[in-house]
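1. whatever this is, show me its structure:
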Amino acid sequence: MKKILFLFCMIVVTSLSAQNWQENYKEAQALAKENDKNLLLVFAGSDWCAPCIKLEKAIWESQEFKKFAETDLILYRADFPRKKANKLSEELTAQNNNLAEKYNAQGHFPLVVLLNKEAKVLGQTGYLKLSPDEYITHLKSMF
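-> Presented below is the predicted three-dimensional model:
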């Protein structure tokens, strides 16, 4: 009985905290067009970039941002992990490298690029020491 209760709790927690980061950039672009939403493209080093990790925990994982993103954004994270255990597939690595050539030629981490549904850059930002609500307001100022 305890195992069933534990499993049920894990499913509920997982579904409540789930965030809809797309795994394929072209699909993310198509979703942005189809749903008339902006696309948030985040360049991150998930296992080595301290500001990226802070941005993840302080903003992306906040309930405020999740609620905002659900209604207003399509999310795509171009990750560049360094640890062997976090190595991406060759296809995903190539996709992220192509995005970096186009949108992050300077190699800044984290870099947050807001694109409209036509893939036009609306603005760029990075880690800012702001509350989730302040960060959302900052992003909305680029719309």
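2. okay, CA-based contacts and neighbour counts for the rest of this
-> Will do.
3. all helices for the chain, in order.
-> Listed in chain order, the helices of the chain (DSSP state H) span residues 2-17, 25-35, 50-55, 63-72, 90-103, 132-140.
4. any idea which of those has the lowest pLDDT on average?
-> Among the helices of the chain, helix 2-17 carries the lowest mean pLDDT, a mean of 45.
5. ok, the nearest residue to Ile59 once chain neighbours are set aside - contacts?
-> Excluding the flanking residues, the one nearest Ile59 by Cα to Cα, 6 or more residues apart in numbering is Pro132, at 5.2 Å. Contact analysis of Pro132 by Cα atoms under 8 Å, 6 or more residues apart in numbering lists Ala58, Ile59, Ser62, Glu64, Phe65.
6. quick one, phi/psi of the nearest residue to Asn86 once chain neighbours are set aside?
-> Leaving out its chain neighbours, the residue that sits closest to Asn86 by Cα to Cα, 6+ apart is Asp47, at 7.8 Å. Here is the backbone geometry of Asp47 (degrees, to the nearest 10): phi -120, psi 10.
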